[in-house]
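Visitor: Return atomic coordinates for the entry below.
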Amino acid sequence: MGAVSEAGRERFYLDSNTIIAIVERQSAFTPAQERFLKAADAGDVSVFSSGVALAECLVKPIRDGDRTRLGALLRFFEDERTLPLVPADRGIFVRAAELRALDYLQLPDAIHVACAIRAGCDVFLSADRRLRMPDTMRRIAFDDLQFGPE
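Guide: Residues are numbered from 1 along each chain as shown. Here you go, the predicted model:
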């Protein structure tokens, strides 16, 4: 089951697979996804990501020489006001190492989770069901998201 949220109440972290799903979407968004994206664009909901997500998202379009997809992804990351990237400093890497050691996360996933913790996120939007979240955060797939009034 997804998250039922009201604009401005929860803080969301976007994992790489969620960003790719948003940018490269082939089918229509659900009404809840539309509400979420409009709220994020308007700055009515707090949404964060990281430089790790940026790098992960760009690998395939760069490898494939797909300038259209590359441009779309770069545009998605452009607005620091609506999608701030959590700075990965020494503290993030120490926390990521702790998460990797304790929860058996892969290092890139541990960096994502450490960034989400730093940003005070309640919801980690990711399709990766294997991710273990801290007790203060829940993982929800973007396709399962419920947002705003139904």
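Visitor: And the residue located most distally from the centre of the chain, how close does it get to C115?
Guide: Most distant residue from the mean C-alpha position of the chain: G65, 24.4 Å away (C-alpha atoms, centre = their mean). For G65, the distance to C115 equals 29 Å [C-beta to C-beta, to the nearest Å]. The way it works is simple: take the backbone N, C-alpha and C, and place the C-beta from them, glycine included.
Visitor: May I ask which helix or strand encompasses the closest residue to A97 other than its chain neighbours?
Guide: Using C-beta to C-beta, 6 or more residues apart in numbering and skipping the chain neighbours, the partner closest in space to A97 is A110 (7.3 Å). For A110, the host element (DSSP states H and E) is helix 107-118.
Visitor: Can you work out which other helices and strands pack against the very next helix or strand once past that helix?
Guide: As assigned by DSSP H and E, the chain's next helix or strand after helix 107-118 is strand 123-125. Strand 123-125 sits against strand 11-14, helix 107-118, strand 138-140, with contacts defined as 3 or more C-beta pairs under 8 Å, 6 or more residues apart in numbering; DSSP states H and E.
Visitor: for the protein, where's the lowest mean pLDDT among helices and strands?
Guide: helix 31-42 (a mean of 91; mean pLDDT, DSSP states H and E).
Visitor: Report all helices and strands that the helix or strand just after that helix contacts.
Guide: Per DSSP H and E, helix 31-42 leads on to strand 46-50 as the next helix or strand towards the C-terminus. Applying 3+ C-beta pairs under 8 Å, 6+ apart, we find strand 46-50 packed against strand 11-14, strand 85-86, helix 107-118.
Visitor: Can you say which of those is packed in most?
Guide: Neighbour counts (mean count of other C-beta atoms under 10 Å) averaged over each of the helices and strands packed on strand 46-50 peak at strand 11-14, with a mean of 24.
Visitor: Sheet partners, orientation included, of that one?
Guide: Strand pairing for strand 11-14, using DSSP bridges, gives strand 46-50 (parallel), strand 123-125 (parallel).
Visitor: can you give me how far that strand is from the chain middle?
Guide: 5 Å (C-alpha atoms, centre = their mean, to the nearest Å).
Visitor: Identify all contacting residues around it.
Guide: By C-beta atoms under 8 Å, 6 or more residues apart in numbering, the residues outside strand 11-14 that reach it are 22, 36, 40, 45-49, 53, 83, 112, 115-116, 119-125, 137.
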